[in-house]
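In: Output the structure for:
(chains A and B, ligands or ions: 2)
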Amino acid sequence: MTLLELEDLTASYGPVQVLDGVSLSVPDNGAVGILGANGAGKTTTLRAISGTVRTGGRIVFDGRDIRGLRPDQVAALGIAHVPEGRGTLGDLTVRDNLRVGAYLRRDRKGIAEDIDFCLELFPNLADRITSNASALSGGEQQMLAVARAIMSKPRLLLLDEASLGLAPSTAKNVYDAIRHLRLTLGIAMVVVEQNANLAFTLVDSATVLETGRSVLTGTSAELKGMDEIRRAYLGG
Amino acid sequence: MGTFVQLVVDGLSAGSVYAAIALAIVLVHSATGLINFAQGGMAVLSVYIAWWLTTRGVPLIVALLVSIVFSIAFGALVERYLMRRFERGDPDTAVVVTIGLLTLITGVAGWLWTYNNQQFPSLFSLDTVSFLGVSVSQRSLGTTAVIIVVMAALQGLFLGTKLGLALRAVANNPESAAFSGLPVGRLLMVGWGLAAALGAVAGALVAPQLTLTPGMLDNALVYALAAVILGGLTSPVGVVVAAWLIGVLENLAAVYVPFIGYDLKVAVPFILIFVVLLVRPQGLFGRKTVVRV
Ligand SMILES: Nc1ncnc2c1ncn2[C@@H]1O[C@H](COP(=O)(O)OP(=O)(O)OP(=O)(O)O)[C@@H](O)[C@H]1O
Ligand SMILES: [Mg+2]
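Out: Numbers count the residues shown, from 1 in each chain, chains lettered A, B, ... in the order given. Ligands and ions are numbered 1, 2, ... in the order given. The predicted model follows:
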């Protein structure tokens, strides 16, 4: 079954159209990558899904066209967006960030259990639970951003450059945790990642964007086998 | 000694009114990052509503409750239909819009109810209670007590409730808050509504003493802004303490510092701001933060 389907998606910031026909299909429990040069429209594609940019075309989630919904309505359907630059709430403590993540939930006990779950997954956060998020290191903030998204119990996670600015070992830790989430909780994912080697440890398939357009789609194995992909994204 | 205590208690009572308006400003600022210069004007409008109801024979307490409900709705509508257009844009523009709103409200109130002073009935009597040889009016005590309760309730709301958590999240980063499903627009309306209600309480407390005019809270707004800067924009408790400090020092200086007197006492908070900000640029209690005004 398909969980998310983008059909001929377009998007514009004011008069400037930056997406011009993006197509993407995410199966239940699947993880799909988006590759592309800087400015290709990867972030904008995620923003289109979460309702923070004006769009055309179709965005079908769980059988329903969600194009035009407000971001909070999209979130309520079970789509969690971890934005580029992390979007942690810097003036709030780590615990309050996690509680904000669970805003739409009513099950107090489940929320408390899930906070413990997140702290087990990211032990660094457990030590900083009462610190303001702005006082965390970049890696810890990225972990917090992912943990906050998980607190909403999403069916689909939108992940934008989770490795940005992290030391390679920290980036690997973060991706290991995300892969663990995918396997244990069955959360479907759309993964934007500059580091394609890292992306391919997580996704089953990927689409390549060029100036706002899908130009190539394939399974991870197929893409890794292509010369132009190796040259452009895998460093040789 | 008797005069001194009397001056301090009256100062606390005046300071409490500045405190309530200052708290309203902090509330709006923490929800939207803006300083609302119309906060006092909006409060005066709701005091006029209460006053108009009392002239129609409605009991004071009922009139006050109705005016508070009116303020909540009015604050929410101002956010939704006026400020919403400017919130994402240049903050300077939004601030100018609030100044325009103040002018508009003052003009409308003057047109509807004239610029003449109207007597406004008091919730608390002017009778005095004596302790330790000092007599203090019930009005001063009552005003101060109401503000302490309101301050505690606000602290509780922000730190102890889910609504408070949501308001803080939206204030911090509206777009990111929406990704967690927070209805940002509705929460901003709630923030403005609560702030307007606070202003209405302040207006009703001070109106019997100042008598009601469209510009009744113009001075209080200046003192409230001084308290906001002194106390630090991020700290409700700090703002209240600063407002009390201003009220008390202003009263004492008028009497004990010969060249200040009643004419110059309006300068007191600004001397205080100058001195405090030299030493602590983030205010007495505030955390370091970038102020957008
Ligand atoms: N807020 C905005 N207003 C106007 N144009 C924008 C805005 N955000 C992005 N753009 C433009 O849209 C295009 C796509 O940007 P987008 O952020 O989606 O790229 P990206 O693939 O995520 O790039 P990167 O790898 O650098 O993050 C770019 O040309 C960019 O300049
Ligand atoms: Mg990007």
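
In: Leaving out chain neighbours, which residue sits closest to whatever residue of chain A ends up closest to ligand 2?
Out: Using Cβ to the ion, the single residue of chain A nearest to ligand 2 is A:Thr43, 3.1 Å away. For the C-beta atoms, the positions are set from N, CA and C on the backbone; glycine is no exception. Nearest in space to A:Thr43, with sequence neighbours left out and distances taken as Cβ to Cβ, 6 or more residues apart in numbering or on different chains, is A:Glu84 at 5.1 Å.

In: so the one you found touches A:Leu159, yeah?
Out: No. Using Cβ atoms under 8 Å, A:Glu84 makes no contact with A:Leu159, being 9.7 Å away.

In: Settle it for me: which of the two has more neighbours?
Out: A:Leu159 (28 against 16; other Cβ atoms under 10 Å in any protein chain shown).

In: Which pLDDT value does the model give that one?
Out: A:Leu159 is assigned 97 on the pLDDT scale.

In: Next, the residue nearest to A:Thr43: secondary structure please.
Out: With DSSP: H, G, I helix; E, B strand; the rest coil as the basis, A:Glu84 sits in coil.

In: Give the rounded mean pLDDT of stretch A:195-215.
Out: 93.

In: Stretch A:85-96 now?
Out: In the prediction, stretch A:85-96 has an average pLDDT of 93.

In: can you give me phi and psi for the residue nearest to A:Thr43?
Out: In terms of degrees, to the nearest 10, the main-chain angles of A:Glu84 are phi -60, psi 130.

In: So for A:Glu84 and A:Leu159, which residues contact both of them?
Out: Residues touching both A:Glu84 and A:Leu159 by Cβ atoms under 8 Å, 6 or more residues apart in numbering or on different chains: A:Val192.

In: The helix or strand harbouring A:Leu3 near chain B at all?
Out: Assessed by DSSP states H and E, A:Leu3 sits inside strand A:2-13. No. Strand A:2-13 is not in contact with chain B by Cβ under 8 Å from any Cβ of the partner chain; minimum separation 13.1 Å.

In: Take that strand, keep the C-alpha atoms, and write them as CSV.
Out: Provided in CSV are the C-alpha atoms of strand A:2-13 (Å, rounded to 0.1, in the frame of the first residue of the first chain):
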residue,chain,number,x,y,z
THR,A,2,1.1,3.5,-0.8
LEU,A,3,1.2,5.9,2.2
LEU,A,4,2.3,9.1,0.4
GLU,A,5,2.1,9.9,-3.2
LEU,A,6,3.3,13.2,-4.8
GLU,A,7,2.0,13.7,-8.3
ASP,A,8,3.3,16.4,-10.5
LEU,A,9,4.0,18.7,-7.5
THR,A,10,4.7,22.3,-8.1
ALA,A,11,5.5,25.0,-5.5
SER,A,12,6.4,28.7,-5.4
TYR,A,13,7.6,31.3,-3.0
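
In: Neighbouring strands - and their directions - for the helix or strand following it?
Out: Next in sequence after strand A:2-13, counting helices and strands by DSSP H and E, comes strand A:16-27. Take DSSP bridges as the rule and strand A:16-27 pairs in its sheet with strand A:2-13 (antiparallel).

In: before we move on, back to that, distance of the residue nearest to A:Thr43 from A:Ala145?
Out: 10 Å (Cβ to Cβ, to the nearest Å).

In: thinking again about what came up before, avg pLDDT for the strand holding A:Leu3?
Out: Per-residue scores along strand A:2-13 average to 95.

In: Can you give the contact residues for it?
Out: A:17-28, A:30, A:41, A:44-45, A:47-49, A:53-62, A:155-156, A:188, A:190, A:212.

In: coming back round to it: name the helix or strand for the residue of chain A closest to ligand 2, please.
Out: Counting by DSSP H and E, A:Thr43 is part of helix A:42-50.

In: who does that helix touch, helix- and strand-wise?
Out: Applying 3 or more Cβ pairs under 8 Å, 6 or more residues apart in numbering or on different chains; DSSP states H and E, one finds that helix A:42-50 contacts strand A:2-13, strand A:16-27, strand A:31-36, strand A:54-61, helix A:71-76, strand A:79-82, strand A:156-160, strand A:188-192.

In: Comparing those, which comes out most buried?
Out: strand A:79-82 (a mean of 29; mean count of other Cβ atoms under 10 Å in any protein chain shown).

In: Kindly export the following helix or strand past that strand (C-alpha atoms) in CSV.
Out: For strand A:79-82, the following helix or strand on the C-terminal side (DSSP H and E) is helix A:94-101. Only the C-alpha atoms of helix A:94-101 are listed here, as CSV (Å, rounded to 0.1, in the frame of the first residue of the first chain):
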residue,chain,number,x,y,z
VAL,A,94,14.6,19.5,26.6
ARG,A,95,11.7,18.0,28.5
ASP,A,96,9.3,20.8,27.3
ASN,A,97,10.4,20.3,23.7
LEU,A,98,9.4,16.7,24.0
ARG,A,99,6.1,17.6,25.6
VAL,A,100,5.4,20.0,22.8
GLY,A,101,6.1,17.1,20.4
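
In: same for helix A:94-101, what does it pack against?
Out: Going by 3+ Cβ pairs under 8 Å, 6+ apart, helix A:94-101 lies up against helix A:108-121, helix A:138-150, helix B:162-172.

In: got the buried residues for that helix?
Out: A:Val94, A:Asp96, A:Asn97, A:Leu98, A:Arg99, A:Val100, A:Gly101 (16 or more other Cβ atoms under 10 Å in any protein chain shown).

In: Same list, those residues, but only the ones touching ligand 2.
Out: When Cβ under 5 Å from the ion is applied, no member of the buried residues of helix A:94-101 is adjacent to ligand 2.

In: which of the residues you listed lies closest to B:Tyr223?
Out: A:Asp96 (32.6 Å; Cβ to Cβ).

In: contacting residues for that closest one?
Out: Counted by Cβ under 8 Å, 6+ apart, A:Asp96 has contacts A:Leu89, B:Leu165, B:Arg168, B:Ala169.

In: Out of the helices and strands packed on helix A:42-50, the one nearest B:Asn219 is which?
Out: Of the helices and strands packed on helix A:42-50, nearest to B:Asn219 by Cβ to Cβ is helix A:71-76, at 40.9 Å.

In: Distance from that closest one to the middle of the chain?
Out: 15 Å (Cα atoms, centre = their mean, to the nearest Å).

In: residues contacting the closest residue to ligand 1 within chain B?
Out: Closest approach between chain B and ligand 1, counting by Cβ to the nearest ligand atom: B:Glu175, at 11.1 Å. By Cβ under 8 Å, 6+ apart, B:Glu175 lies in contact with A:Thr52, A:Pro71, A:Pro83, A:Gly87.

In: Centroid-nearest residue for the chain?
Out: As the question left the chain open, I've gone with chain A. Geometric centre of chain A, nearest residue: A:Leu159, 1.4 Å, by Cα atoms, centre = their mean.

In: picking up where we left off before, show me which of the contacts of A:Asp96 is closest to ligand 2.
Out: Distances from ligand 2 to the contacts of A:Asp96, taken by Cβ to the ion, are shortest for A:Leu89, at 20.7 Å.

In: Is the closest one in contact with B:Ser176, as I believe?
Out: Yes. Contact criterion Cβ under 8 Å: A:Leu89 and B:Ser176 qualify, at 6.5 Å.

In: Which strand residues bridge the residue nearest to the centre of chain A?
Out: Going by DSSP bridges, A:Leu159 forms beta bridges with A:Val82, A:Val191.
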